[in-house]
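Q: just the structure for this:
(one chain, ligands or ions: 1)
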Amino acid sequence: MRKFLFFALAFFVLTLSFNGVRAENIARGVRVIVIDAGHGGPKFPGAYYRGVYEKDLNLKVALRLGALIEKELPEIKVVYTRKTDKQFSESLTKDLQARADIANRAEGDLFISIHTNAAQSASARGVETLIMGESPLEKNANERALLDNRREELLDMSNEKTAAIVRAYIQNLQFTYGEYSEAMARLVQKHYVRSGRHNRGVKRQPLKVLYATDMPGILTEIGFLSNAEEFAYMTSDKGLDAIARSLFGAVKDYTAFVQGTLLVEEDAVYEQGEEEPAAQPKGGSAVQNTQKEYFAVQLLSSTKRVPLRDAQFKSYRGKVAEYASDGRFKYKYCVGRFASRREAEAELKKAKREFRDAFVVRCSNGRIVR
Ligand SMILES: [Zn+2]
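A: Sure, this is the predicted structure:
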């Protein structure tokens, strides 16, 4: 069983690298949003209370949210993992992977998975939003019941090999999608609270479906079927509408948040690195330092300064230049100065082996202008 899961995981990891990770997603703004109605079909109905299946509530909210985006933000393309009551596979792992595949193929900029909670205790209530990560297990009984409810959707962190792969992935994530997923999760909770919901907060869990999607993503739990008050709310038109509106409000804010990052990037100011910043990559026809316009490969951006001698830059020692800006991600680290995008793209291929989120940036007068 463990062995099987490990292979399944290896498959996730491979899928990720073959899909090619696109940090440009973030830089280009929010163009495609993938909405995933959790569960579905006869095999995966999700929670069930008093004649109501979780899968049906998830789908109702997904369709309402999608309709709101299509109507009010027509520049954004909405992609649904499912618009009907269906499952993608008899195996849960494959079913979750199929949803991630749809999102990755659509080159989504944001993934929103919609779920409904249930707990043994009828008093458990409220909304929570999960992002990929790991946090110490909460000890109280309610939380344990919640985990039971979601156990099959989680990666098995008690398996050492699995845990090592997933932790390495999570660490890498902090540099790229992590902050965006967290921002979206917080915005979702903020809008829920505004509509009078009980706030259970943002939580980190090693979720399979988020692990396999190559974009910022969240999984939101819209309330407890097992709580009488929330059951009534979620099965009413008014309640479903309010939930979809909350999620839509978060999407709108998130779009502005990403736009803000874009504006910040345009103000980026070039700072000379402490080591020779413009060493020529082998075989590339790099342009001279005096050139005003050029392309470079951005390896990573960070909220904190990363020393140019840092171990992660090992194979680019002496070639990395730091670009600073006033934004959240104050520090960008780039290599190369290329006359054309094509030449930068050749270097990018190499860079991606170590910096999976690397991408090409356009620079002018020592600033990143994209
Ligand atoms: Zn669920």
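Q: which element is Val258 on?
A: helix 237-266 (DSSP states H and E).
Q: from the contact counts, what lies against that helix?
A: helix 24-27, helix 54-72, strand 110-117, helix 178-194, strand 217-224, helix 228-234 (3 or more Cβ pairs under 8 Å, 6 or more residues apart in numbering; DSSP states H and E). No exception for glycine: its C-beta is placed from N, CA and C like everyone else's.
Q: ok now do the residue in the stretch 201-350 of the chain positioned nearest to the ion, which residues does it touch?
A: Nearest residue of the stretch 201-350 of the chain to the ion: Glu221, at 7.4 Å (Cβ to the ion). Residues near Glu221 by Cβ atoms under 8 Å, 6 or more residues apart in numbering: 115-117, 127-130, 200.
Q: give me the pLDDT value at it.
A: In the predicted model, Glu221 carries a pLDDT score of 97.
Q: bridging residues for the nearest residue to it once chain neighbours are set aside?
A: Nearest residue to Glu221 in three dimensions, chain neighbours excluded: Asn117, at 4.3 Å (Cβ to Cβ, 6 or more residues apart in numbering). Per DSSP bridges, the residues bridged to Asn117 are Phe224.
Q: and for Asn117, the neighbour number?
A: Asn117 is flanked by 25 other residues according to other Cβ atoms under 10 Å.
Q: and what of the one 3 residues further on?
A: For Gln120, the number of neighbouring residues by other Cβ under 10 Å comes to 13.
Q: about what we covered before: okay if I get the helices and strands packed on helix 237-266 as JSON lines plus distance to Phe257?
A: Converted to JSON lines, the helices and strands packed on helix 237-266 look like this (distance: least, Cβ to Cβ, whole Å):
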{"stretch": "helix 24-27", "distance to Phe257": "10"}
{"stretch": "helix 54-72", "distance to Phe257": "16"}
{"stretch": "strand 110-117", "distance to Phe257": "11"}
{"stretch": "helix 178-194", "distance to Phe257": "6"}
{"stretch": "strand 217-224", "distance to Phe257": "13"}
{"stretch": "helix 228-234", "distance to Phe257": "28"}
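Q: of those, which shows the lowest average pLDDT?
A: Among the helices and strands packed on helix 237-266, helix 24-27 scores lowest, at a mean of 54.
Q: what about the next helix-or-strand element following that one, near the ion?
A: Counting by DSSP H and E, the next helix or strand C-terminal to helix 24-27 is strand 32-37. No: for strand 32-37, no contact with the ion is found by Cβ under 5 Å from the ion; the gap never falls below 9.9 Å.
Q: buried residues in strand 32-37?
A: 32-37 (16 or more other Cβ atoms under 10 Å).
Q: what comes into contact with that strand?
A: 55, 58-59, 61-63, 65-66, 69, 76-82, 99, 102-103, 106-114, 209, 213, 215, 251.
Q: tell me the mean pLDDT for the helix holding Val258?
A: 82.
Q: got it, and stretch 352-370?
A: The model assigns stretch 352-370 a mean pLDDT of 82.
Q: please name the nearest non-neighbouring residue to Lys43.
A: Gln87 (5.1 Å).
Q: name the SS class of the one you found, please.
A: coil (DSSP: H, G, I helix; E, B strand; the rest coil).
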